Every structure is written in C-alpha cells, then in structure tokens.
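Student: Would you be able to build a 3D model of this:
(one chain, ligands or ions: 1)
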Amino acid sequence: MTTSRRDFVSSAGFGLAALGLPALHLSSTTSYDLIIRGAAVYGGAGTPGTEADVGVRAGRIGAVAKKLAGKGTDEIDGKGLALAPGFIDIHSHADGGLAADPSVESVIRQGVTTVVVGQDGGSHVPAADGTTSFLKYFRRVDAMPSAVNLASMVGLGQVRRIVVGEGNRPATKAELAKMTALVEKALASGACGASTGLEYSPGAFATQAELIALCKPLRARRLPYATHMRNEDDTLIEAIDESIAIARGARCPLQISHLKTAGARNWGKIDAVFARIARARKSGLDVTFDRYPYIAWSTGLTNMFPVWALDGGDEPFLQRLDDPATAAKIRTESEDKAALIGGWHNVQLASVRAVADSDAVGQRLDDWGKSRGMAPYEAAMALLKNSKTNVSTVVFGMSEENLEKFLAHPKCMICSDGGAFAVSGPARSGHPHPRGLGTFPRVLGRYVRERKVITLAQAVDKMSGMPARRLRLAGRGRIGVGAWADLVLFDPRTVADQATFADPFQYPVGIPTVVVNGKIALRDGERVGTGNGKALTSLV
Ligand SMILES: [Zn+2]
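Tutor: Predicted coordinates for the structure are as follows:
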C-alpha cells in the first residue's frame, strides 16, 4: 500500500489519541470487508467513547478514523450505538455445552466473543489416558467451528484426578513431578493459566505446598493462578490468605474467581477482604479478581455437604450418607450450611439427572420435599441418590450491597461463571442460573445505566481489555489497528438482561450486532453464518 502525506488520516482533534490509537496511514482507495460507521467507540482501556468509523479487513481491524474514506463490502450504521471490543468472559463454563452446540446462542447474544474455560480446577484436558492434549483440544475447537473464541486454563483438579485419583491424600514426590510436568506441557501448548476448585473433590485434597509447586510454571509466563478458593463463607479470610500465600510461593499472578462473601453472617468481611488484597498488591503481588452480577451462586448440590465426605468420589459419598458412622456428622455439617444461607428454601434446583425427579427442576428444595412428603435434608439426599450426585442448584446467599462494591473495585473483572444455553432446542435444558444468559447486558443495563456503580468505559474495560491483558491474549480486548476484529455493537440506552431466576431462558435486548474474527455472528439481533471462533493461546 502506498501512502502520501495527504492520505494520512490525522488522529488529532477527534479523540482517537484518547483511544490509545496510533496515527493512521490509510489511502483513500483502501477497501474493507466491513465498516461499522459512526458508533461511539470504546477502545477497551477504560477511555471514554469517541465517535469513529471502524474498518475491518481479513479478520482484523484495518483502520479507525473519524470518517473512513474507504468502502466496505459490507457496512453497518452504528450511529447512536456503542462499539466495544467483544467481551471476554474470564470465568466461563461454556465448555460444557460447546461440543454439543457450538453456536452457543446465550453467549454470543450477550456480546461475548471469547470464553475462558477450564475453570474451578476442571478442564477437558489433559485426559486420563494421555490421548488428549491441549494442542489436540485447541485443534478440535478450531475445527468445530465454535461461534466464539475459546481460551482455557489447565485445571489442577483434573491434573490431580488423573495422577493421584479421587482420594484425600497428599501426592507423592513422583506424583508431584508428574503433575508439574502436565502443567508445564499445558502452558507450553497455550493454556492461559491454572485453575483450582478447592471446594470440590478431588481439588480440595491438594495441600498448599502442592499448589505452590504446580503454580511455579506460571511465573515465567506471567499467567495467573485462578482459584475458586477453599472457602467463600465462614473461613473466607483464611482462604484469601491461602490464595495469596500460594501465589506468593509460586511468584505468579493471582486471580480470585467469583469473589464473594457467602452467607449473611459473613457479609461484613468485605472490608477485610479488600484490605488483604490491597496489602498483597502493595507488597508487589499481582492480585485481581472477577465477579458475576448476581447474588445467587450456582453449583452442585454436593456443595451443601462437607467436602471430606466426598473422599474417593461419588460412590463412597453416597454410601457415607447412610453409614451410621458418618451419617449424623454429615447431616450436622450440611444443616449448618443450610442455616448459613438462611435455610433450604434458598436452594433452587437447576438440574437433575434422574428423569423421575424432573419435577424438582426450577423448584425450591424445601417446596419439592414437601410435595414428596420429605423434610428438606431427606429431599436433598433422595435427589443425590437418584441422580448419582448429578444435581445442580442455584443458591441465594449473597449481599446486593457487597455485589456493587465488588463490581466497583478497580481490580474486578466481569465473569459469568455460567454455561451456554439456548431458549429453544436441546441447549434449553434444566432451569439454570440466569447468569448464563444475562451477565454482560446486566452489568451494562443495571449496574452502569441504572445504578451508576461504574461508568460504561470502566465496564467495557472490565469485560474486554482487563481480561485480555490478564491472560496475555494478544490482539484481543481492544479496538485498534491490527487487533483482531472481535466487536460488539450495543445500545447503551436500552441494553438489558431479560433472564431471571424464575424464567431464565430469555436473551438480552439492546445488543444488535456481534463480530467474531471479522465475521458477523449476530446482525440486527439475528444469527448470521456459522462459527468463526478460534482457540486462543496465550502469548508465551
Ligand atoms: Zn467456581
């Protein structure tokens, strides 16, 4: 491309410098695959929106200018709308449904263009028989093709499962060496961090020393240890301290997953949580966290039971429920957990495997128990037995006031922690937490526009730029020349979630257009084309 001085598009005077964009060198004859004209462009680094045209060529952003002279094969009028980098969901469970339904409707319709999976210690790979590596997994995602990009952590629970097994015992020296090698290999193949789920089996059986050893390979790559901590309620502070100790021991960045204060009696701990994060950061540790915009969490019903009871896996757990030696102790601890969240009524059933219990889905646990003539605890045991522990729940136990404080924290990114769904077809299943269909528009509608907890520019950064930088995803999370064209066009005046706890299967409104790697995936609210997502690997 030849350019002359006259053809240079000056960045002065209309705020492109504010977007952090370099001066543009464009000839007026330049053509583009797509031009989105006249939207308020939010660059992704927390800067305010600036009206500009964005030209896309060969999957990447070719130009950003106040008035782009070139022609687009396709053009979209963005007047009155906001254009942001496609949202990056830094803690997603969309990998669960991706293979069955790569169109991931509920994800793309929120403006999400990249999901970060392999969370809570559970990743699809490495596989037990060693046949599936991250390289193969990423190739499979590329071939699907997935509607959205996918990056994955390596799950340290999965690594423990295939090397040590389901048991509650420390790893031997040889096992630790084997696990570390698996983590090394995953990171060398492009995994974007290492995750744990320390409230889950078998991840919970890892000691602090083991986790420090497994996180050491993260250091050289400056990738985070992302943790669903050992506890989020009565020993929340101790769990924060442990997370910080692990990151400090491994000298790696720390990402606290879905940070919360669970149970009313722990809501007052938020200041202590922030103080510990501030102190750790001051000492040089790179600590950030993520959070979804709801006051209920969602997890397996087994989470209402003590994790020691899961030693050895599901079968031994089910036996212990009836074993006189353990049954009473399990019940006491489980009823304590129910008391913590204000009673079993605050547990809503999201899915069950046993068809005979499908009437439970969408009901509160105590209500369903009543309909079967059972006390709540008996109802919980019955569900777990009938479904071989495959029961998921939505649990109401958090503070709205604290939620706003978390979202407003400068080191908080937005995650959904949700799966992928659709309002019709096979991907409409169970009665899920609405976060899988509403997280990102809910932040933009409720917490930006209505509650003014954060500005739109801050929200965009928390949803795109910050996670891209955190996971070192090159060319993502910003609108600038050379970046990949992952884009979301939305109406800041109307964008809103529609999914509720009572009626989760509803797509959001106010997000007309989504572009993934330069191709339109959603246009005027309608799905277009097949998947154009790729597996993303971290810059290593
Ligand atoms: Zn989690």
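Student: show me where the stretch 101-250 of the chain has helices.
Tutor: For the stretch 101-250 of the chain, the helices defined by DSSP state H, counting those that start in this stretch occupy 105-108, 134-143, 156-163, 173-188, 208-221, 236-250.
Student: Of all these, which one is nearest the ion?
Tutor: Nearest to the ion among the helices of the stretch 101-250 of the chain is helix 156-163 (10.8 Å), distances taken as Cβ to the ion. C-betas here are computed from N, CA, C, even on glycine.
Student: Could I get the CA-only coordinates of the closest one as CSV?
Tutor: The C-alpha trace of helix 156-163 is given here as CSV (Å, rounded to 0.1, in the frame of the first residue of the first chain):
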residue,chain,number,x,y,z
LEU,A,156,-5.3,-28.5,38.7
GLY,A,157,-8.2,-30.7,40.0
GLN,A,158,-8.2,-32.6,36.7
VAL,A,159,-4.4,-32.9,36.8
ARG,A,160,-4.7,-34.4,40.4
ARG,A,161,-7.6,-36.7,39.3
ILE,A,162,-5.5,-38.3,36.6
VAL,A,163,-2.3,-38.6,38.6
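Student: which helices and strands does that helix pack with?
Tutor: In terms of contact count using 3 or more Cβ pairs under 8 Å, 6 or more residues apart in numbering; DSSP states H and E, helix 156-163 is assigned the packing partners helix 173-188, strand 194-197, helix 208-221.
Student: CA-only coordinates of the first one in CSV, if you can.
Tutor: Once non-C-alpha atoms are left out, helix 173-188 reads as follows in CSV (Å, rounded to 0.1, in the frame of the first residue of the first chain):
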residue,chain,number,x,y,z
LYS,A,173,7.1,-36.9,45.2
ALA,A,174,6.9,-38.8,42.0
GLU,A,175,3.2,-37.8,41.5
LEU,A,176,4.0,-34.2,42.1
ALA,A,177,6.7,-34.3,39.5
LYS,A,178,4.3,-35.9,37.1
MET,A,179,1.6,-33.3,37.8
THR,A,180,4.1,-30.4,37.4
ALA,A,181,5.1,-31.8,34.0
LEU,A,182,1.5,-31.9,32.9
VAL,A,183,1.0,-28.3,33.9
GLU,A,184,4.2,-27.3,32.1
LYS,A,185,3.0,-29.1,29.0
ALA,A,186,-0.4,-27.5,29.1
LEU,A,187,1.1,-24.0,29.4
ALA,A,188,3.6,-24.7,26.6
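Student: What helices and strands are in contact with it?
Tutor: Under the contact definition 3+ Cβ pairs under 8 Å, 6+ apart, helix 173-188 sits against strand 154-155, helix 156-163, strand 194-197, helix 208-221.
Student: do the last one as well
Tutor: The helices and strands touching helix 208-221, judged by 3+ Cβ pairs under 8 Å, 6+ apart, are helix 156-163, helix 173-188, strand 194-197, strand 225-228, helix 236-250.
Student: Any part of the fourth one near the ion?
Tutor: Put plainly, it is strand 225-228. Yes. Between strand 225-228 and the ion, judged by Cβ under 5 Å from the ion, the touching residues are H228.
Student: what mean pLDDT does that strand have?
Tutor: The average of the pLDDT scores along strand 225-228 is 98.
Student: starting at the chain centroid, how far to that strand?
Tutor: With Cα atoms, centre = their mean, to the nearest Å as the basis, the distance from the averaged C-alpha position of strand 225-228 to the chain average is 12 Å.
Student: Of the helices and strands packed on helix 208-221, give the one that comes closest to W484.
Tutor: Relative to W484, the nearest member of the helices and strands packed on helix 208-221 by Cβ to Cβ is helix 173-188, separated by 21.9 Å.
Student: quick one on the thing from earlier: now distance to L437 and mean neighbour count too, for the helices and strands packed on helix 208-221, in CSV please.
Tutor: Written out in CSV, the entries for those read as follows (distance: least, Cβ to Cβ, whole Å; neighbours: other Cβ atoms under 10 Å):
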stretch, distance to L437, mean neighbour count
helix 156-163, 27, 23
helix 173-188, 30, 17
strand 194-197, 23, 28
strand 225-228, 22, 28
helix 236-250, 28, 20
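Student: closest one to V117 among the ones you listed?
Tutor: Each of these was scored for nearness to V117 using Cβ to Cβ, and the closest is strand 194-197 (9.3 Å).
Student: The closest one pairs with which strands, parallel or anti?
Tutor: Strands flanking strand 194-197 in the sheet, each with its direction: strand 154-155 (parallel), strand 225-228 (parallel) (DSSP bridges).
Student: could I get that strand in PDB with only the CA atoms?
Tutor: Presented in PDB, the C-alpha positions along strand 194-197 are these (Å, rounded to 0.1, in the frame of the first residue of the first chain):
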ATOM      1  CA  ALA A 194      -4.000 -22.700  36.000                       C
ATOM      2  CA  SER A 195      -7.300 -23.100  37.900                       C
ATOM      3  CA  THR A 196      -8.400 -24.700  41.100                       C
ATOM      4  CA  GLY A 197     -11.700 -25.600  42.700                       C
END
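Student: Pick out the residue of the stretch 301-450 of the chain closest to the ion.
Tutor: Closest to the ion within the stretch 301-450 of the chain is D417: 6.2 Å, counting by Cβ to the ion.
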